[in-house]
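J.: Need coordinates for the below:
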Amino acid sequence: MWLRWLQAKSIETRLFLSAAFWSLLILVIAAIILTTFYIHNSEAAFDKRLNVYLHALVADISSFGEEESHSQLGQIGDPQFLIPGSGWYWQITRTDVAENELRASRSLSASKLPRLASLGVEAGIGGARSGYFTGPDARQLRMVERVISTGDSGVFLV
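T.: Numbers count the residues shown, from 1 in each chain. Modelled structure (predicted):
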């Protein structure tokens, strides 16, 4: 039926329908490609931001044993880490002692972050892991973690 209808129409109508079909198909494909590209680049930029915070925490760990800097651990300058339930959390766990010593941002309150290794996330270059998990407030959150050995001061999961 459609074939007979198209044959009865003029060449102008058939060209218009063909151009409309191909234009629509190209627009859909372009939208999928651009959306995928945008999501990938947004996630990469967010991971860079998380890695800046991670490096700031790692720098703080080097002075973990000193009493005056122990109270300043994790003061990375972003107020979102102070607001409970903000979705911005950090946690440092000392893993080389029998009873793990834990320090965390105020925003985490009494909750604890899971280990990405226990969630099945593979370690990347340098032993860093990044992935998603369900946060304390049941939201999907992005997380990066790294194991840091400071020699005499201990081994920490940041």
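J.: Please make it C-alpha for all contacts and neighbour counts, starting now.
T.: Noted.
J.: Can you list the low-confidence ranges for the protein?
T.: 1-8, 62-75, 124-126 (pLDDT under 70).
J.: swap the cut-off to 50 and go again
T.: 67-70 (pLDDT under 50).
J.: Might you calculate how far the longest helix along it sits from the centre of the chain?
T.: Looking across the chain with DSSP state H, the single longest helix is helix 11-61. Going by CA atoms, centre = their mean, to the nearest Å, the spacing between the C-alpha centre of helix 11-61 and its chain's C-alpha centre is 17 Å.
J.: Quick one: list the elements packing against it.
T.: If contacts are counted by 3 or more CA pairs under 8 Å, 6 or more residues apart in numbering; DSSP states H and E, helix 11-61 sits against strand 140-145.
J.: can we see that at 10 Å?
T.: The contact analysis (3 or more CA pairs under 10 Å, 6 or more residues apart in numbering; DSSP states H and E) places helix 11-61 against helix 2-8, helix 67-70, strand 91-94, strand 129-134, strand 140-145, strand 147-149, strand 155-157.
J.: Of all residues in this structure, which one is nearest the centre?
T.: In the chain, the C-alpha nearest the mean C-alpha coordinate belongs to Arg142, at 3.1 Å (CA atoms, centre = their mean).
J.: Please tell me how far the residue nearest to it when sequence neighbours are not counted sits from Arg115.
T.: Among residues not flanking Arg142 along the chain, Tyr132 sits closest, at 4.6 Å (CA to CA, 6 or more residues apart in numbering). Separation of Tyr132 from Arg115 (CA to CA, to the nearest Å) stands at 11 Å.
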